[in-house]
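S.K.: Got a predicted structure plus its sequence, pasted below:
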Amino acid sequence: MKKTKLAVWKFSSCDGCQLSLLDLEDELLEIAETVDISYFLEASSRLKRGPYDISIIEGSISTPHDIERITAIREKSKFLLAVGSCAVFGGVQALRNYTLPGEYQQVVYEHPEYLSSLDASSPVSAHVKTDLELRGCPPNKRQILEVLTACLNAKKPDLPSGSVCLECKRKGIVCVMVSKGIPCLGPVTHAGCGALCPAHDRGCYGCFGPKETPNTASLSAWISGKLGMSREDVLQSFRHINCYALEFCLESIKHEPKDSSERPEPD
Amino acid sequence: MSRRIQVNALSRIEGEGGLQLQFDAKGRVTRARFNIYEAPRFFEGFLLGRRYFDAPDFTARICGICPVAYQMSCVQAMEQALGLSVDEPLQTLRRLLYCGEWMESHALHVFMLHAPDFLGYKDGFEMAGDHPEMVRLGLQLKKLGNRLLASVGGREIHPVNVRVGGFYRTPLKKEMQDLREDFLRAVEDVQRAVRWIAGFPFPEYSRKYVFVSLSHPEEYPILRGQVLSSGGERIAVPDFEHWVKEHQVAHSTALQSELRGEENYLLGPMARFNLCRSQLTPLCREAAREAGIDQGTANPFKSILIRAIEILYACEEALRIIDGYERPEQPCVAFDPREGTGYGCTEAPRGLLYHGYSLDRDGTITWANIIPPTSQNQLAIEQDLREVAEANAGLESGKLRILIEQTLRNYDPCISCSTH
């Protein structure tokens, strides 16, 4: 039987999602035997042409060239898996989507004219169809393995649903917000990390992005009313690692100073 | 016709870059470029207006492979800006966390990315066919580094447990003791790996580098010290930006740096080893002696050996800290935000990483500057590419290209970091 051809692609990112795959130390060599690693620039100099059965995408779309590249990759990939906060929501670098075009370029570069950068950093799904998205900054490596295994066996992957809050309850961790007054995005954040932050006596900062139908308004009322968080701090809590995820974006906009002009919304 | 070697997308390195060498008719290199086209993410831009406490979590996202380095240089700079002094036990715990990062980052590069060059494989998977024991050993070392990161930092990539002033939660003594046996075994394993690597065929090349690393009278540099150069200069961390001049070139989205704006310099394991090797443990020094580099080395192809020796050091240092670990009374020192400016330098796996921040009285960031190791190494890398290519101009193009790519991997470049 022909082996499944796997490709891994990087866009604007920290490399952490690809590293999650390489962090499967006990399974890595077996994966390499089971599938045909056809394109994985970070790990191998063996580069095969497409089409590919599975393409894993890391990173956000942030240059004109990225748009061409992701379109071409989509065309030659049967199954396209977007992995991590950058690919799924545009990443922390999407904070520039809330500023004037070129504002940050001038802070960092003497010659912004040398750069070729889009005004906005956007998720893969804003440009091409994705077949599955795995959240998290970084994603949970066990979930990447689950998706790969499911693909190879043509079954549906078993992935966590619900909120971090539920994961936290299941683990029996005492609620940091109720018991210690620490603001926590756990009630509105998608499950998947295993409630890591509350387990370390801190509030969740939402690195897995919004859960399905999150009640962000209620959480904002709680952290500003009962915990006395300032309007600006509430805004920044939602405009964080996953600042361009729709529900977090909309909630953050509600807390903008009253006189601010219109800001862009995600597609 | 003049000869040209071009690699559009470099493999087995982190991030997006290429290289270009142009020869004249006499075989001299007229252009040697390390092209970095990784898309900029503008971290120093979007940090402005954020609160101090977001900075360690945000800057971790500069690099998935060395997030701890970013968190450590960041909290150090923030703590100086806020006038904080973090207790010794918490500093020691940070050093332990950092050891985990050196291990996982170095092990990935040594066994999966760089060793295949020396033995003629296209990747670690192929190499595992002929050298299964060593590849598995390397992966286990990487895994143990990751386990340490998760035990102290809460997560392998982008740890959640680091904060300005200390940690959110300090690990229990038992959690640390549980790691002990695996580290004891790892100390044995790395020594075997160092011997294996010492037998690699190393291309002959060396030049007089200006090495730069942190230097501290009491320890091999990771978290503290002054900035030392092999030219004998010693610079306090707050003066770093006056000493190192950054500038932008058209072929790289990462700013390049020169000392005083006039000479290139090299950071990373080679620099630390050459400047500070007397502070390594006796086992590490013995491993260096057996490998024939105990007097130092200016052959960058031997950086793979030094990385392996630094894995050994990180294992021994982790064991030492684990054995002396008592859970600190408080995970974090208490403070109120205030106005100030602070600077931090630590030794990332790839070399010295600098952060500088200014805060207003509410602790909001008003200025940020981050200078990663790979961006600083760019000019030294380009000089090496030029010299190695010229010395080996007689090779046919396919072989020369492989040698040149191997040369570039000597620095374990992290391009995502360099651009950020």
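M.R.: Perfect, thanks for sending it.

S.K.: Counting neighbours, what do you get for residue A:140?
M.R.: 21 (other Cβ atoms under 10 Å in any protein chain shown). Heads up, the C-betas are built off the backbone N, CA and C, glycines and all.

S.K.: where does the stretch 101-250 of chain A come near chain B, residue by residue?
M.R.: Neighbours of chain B within the stretch 101-250 of chain A, by Cβ under 8 Å from any Cβ of the partner chain: A:103-105, A:107-111, A:114-115, A:117, A:121, A:137-138, A:193, A:196-197, A:199-202, A:205, A:207, A:233, A:236, A:240-241.

S.K.: Now a ChimeraX select for only the buried ones of those.
M.R.: Entered in ChimeraX, the line below selects the buried ones among those, by 16 or more other Cβ atoms under 10 Å in any protein chain shown:
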select /A:104,105,107,108,109,115,117,121,137,138,193,196,197,199,200,201,202,205,207,233,236,240,241
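
S.K.: Just give me the neighbour total for whichever residue of chain A sits closest to chain B.
M.R.: When distances are taken as Cβ to the nearest Cβ, chain A reaches nearest to chain B at residue A:16, 2.2 Å away. Neighbour count for residue A:16, taken as other Cβ under 10 Å: 28.

S.K.: Next up, the contacts around it.
M.R.: Residues in contact with residue A:16 (Cβ atoms under 8 Å, 6 or more residues apart in numbering or on different chains) are A:84, A:137-138, B:61, B:63-65, B:67, B:157-158.

S.K.: can you check residue A:118 too?
M.R.: So residue A:118 contacts A:61-64, A:66-67 (Cβ under 8 Å, 6+ apart).

S.K.: and it, what pLDDT?
M.R.: Among the per-residue scores, residue A:118 holds a pLDDT of 95.

S.K.: And for residue A:2?
M.R.: 89.

S.K.: Kindly confirm my reading that it is in a helix.
M.R.: No - Residue A:2: not assigned to a helix; according to DSSP: H, G, I helix; E, B strand; the rest coil it is coil.

S.K.: how many other residues sit next to it?
M.R.: 6.

S.K.: what's it in contact with, if anything?
M.R.: Applying Cβ under 8 Å, 6+ apart, we find residue A:2 in contact with no residue.

S.K.: Got the phi and psi for it?
M.R.: phi -70, psi 140 (degrees, to the nearest 10).

S.K.: Tell me which helix or strand the residue nearest the centre of chain A sits in.
M.R.: Centre of chain A computed as the mean C-alpha position; nearest residue by Cα atoms, centre = their mean is residue A:85, 1.0 Å away. Using DSSP states H and E, residue A:85 falls within helix A:84-89.

S.K.: where does the chain have low pLDDT?
M.R.: Looking at chain A here, since you left the chain open. For chain A, applying pLDDT under 70 flags the ranges A:259-267.

S.K.: wrong one, I was asking about chain B
M.R.: Using pLDDT under 70, chain B drops low at B:1.

S.K.: Name the SS class of whichever residue of the stretch 51-200 of chain B sits closest to chain A, please.
M.R.: Relative to chain A, the nearest point of the stretch 51-200 of chain B is residue B:64 (2.2 Å; Cβ to the nearest Cβ). Three-state assignment for residue B:64 (three-state DSSP): coil.

S.K.: List, one by one, the residues from the stretch 201-350 of chain B near chain A.
M.R.: Residues of the stretch 201-350 of chain B lying near chain A (Cβ under 8 Å from any Cβ): B:247-248, B:250, B:253, B:255, B:331.

S.K.: From those, keep the buried residues only.
M.R.: The neighbour-count test (16+ other Cβ under 10 Å) marks B:248, B:253, B:255, B:331 as buried among those.

S.K.: show me the contacts for the closest residue to the second one other than its chain neighbours.
M.R.: Think residue B:253. Distance criterion Cβ to Cβ, 6 or more residues apart in numbering or on different chains; nearest residue to residue B:253, sequence neighbours excluded, is residue B:419 at 4.6 Å. By Cβ under 8 Å, 6+ apart, residue B:419 lies in contact with B:15, B:36, B:38-41, B:253-254, B:375.

S.K.: Among those residues, which lie within strands?
M.R.: Among those, the members found in strands (DSSP state E) are residue B:36.

S.K.: one step back: could you measure the residue nearest to residue B:253 against residue A:115, distance?
M.R.: 10 Å (Cβ to Cβ, to the nearest Å).

S.K.: Now the common contact residues for those two.
M.R.: Contacts common to residue B:419 and residue A:115, judged by Cβ under 8 Å, 6+ apart, are B:40, B:253.

S.K.: circling back: out of the contacts of residue A:16, who's the most crowded?
M.R.: residue B:63 (33 neighbours).

S.K.: Now that one: closest residue in space, sequence neighbours ignored.
M.R.: Using Cβ to Cβ, 6+ apart and skipping residues adjacent in sequence, the residue nearest residue B:63 is residue B:417, 4.6 Å away.

S.K.: For the one you found, list the residues it contacts.
M.R.: Residues near residue B:417 by Cβ under 8 Å, 6+ apart: B:14-15, B:62-63, B:66, B:348, B:350, B:372-375.

S.K.: secondary structure element for it?
M.R.: Using DSSP H and E, residue B:417 sits within helix B:415-419.

S.K.: could I get that helix in PDB with only the CA atoms?
M.R.: Extracted as PDB, the C-alpha positions of helix B:415-419 are listed here (Å, rounded to 0.1, in the frame of the first residue of the first chain):
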ATOM      1  CA  ILE B 415      15.100  32.700  11.900                       C
ATOM      2  CA  SER B 416      11.800  33.100  13.600                       C
ATOM      3  CA  CYS B 417      13.600  34.700  16.500                       C
ATOM      4  CA  SER B 418      15.900  36.800  14.400                       C
ATOM      5  CA  THR B 419      13.000  38.600  12.600                       C
END
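
S.K.: Measure how far that helix is from the centre of its chain, please.
M.R.: Offset of helix B:415-419 from its chain centre (Cα atoms, centre = their mean, to the nearest Å): 12 Å.

S.K.: One more: stretch B:97-111?
M.R.: 9 Å.

S.K.: Okay, residue B:420 and residue B:58: tell me how far apart.
M.R.: 11 Å.

S.K.: Same drill for the two, tell me which one is more crowded.
M.R.: residue B:420 (28 against 22).

S.K.: Distance check, that one against residue A:252.
M.R.: Going from residue B:420 to residue A:252 by Cβ to Cβ gives 23 Å.

S.K.: In space, what's closest to residue 173 - neighbours in sequence excluded?
M.R.: Just going to use chain A. Per Cβ to Cβ, 6+ apart, closest to residue A:173 is residue A:198, 5.0 Å.

S.K.: think we crossed wires, I meant chain B
M.R.: Using Cβ to Cβ, 6+ apart, the closest residue to residue B:173 is residue B:327 (5.5 Å).

S.K.: quick one: contacts for the one you found?
M.R.: B:170-173.

S.K.: ok, 7 Å please
M.R.: B:170, B:172-173 (Cβ atoms under 7 Å, 6 or more residues apart in numbering or on different chains).

S.K.: same thing with residue B:312?
M.R.: Neighbours of residue B:312 in contact, by Cβ under 7 Å, 6+ apart: B:187, B:190-191, B:194, B:283-284, B:287.

S.K.: Give me the neighbour count for residue B:337.
M.R.: Look at residue B:337: counted by other Cβ under 10 Å, it has 17 neighbours.

S.K.: Now stretch B:83-97: buried residues?
M.R.: Within stretch B:83-97, the residues that count as buried by 16+ other Cβ under 10 Å are B:84, B:86, B:89-90, B:92-97.

S.K.: do the same with stretch A:165-174
M.R.: Neighbour counts over stretch A:165-174 (16+ other Cβ under 10 Å) mark A:165-168, A:173 as buried.

S.K.: can you list the domain ranges for chain A.
M.R.: A:4-153, A:164-262 (automatic domain parsing).

S.K.: looking at it, residue B:139 is touching residue A:25, isn't it?
M.R.: Yes - taking contacts as Cβ atoms under 7 Å, residue B:139 lies within contact range of residue A:25: 4.3 Å.
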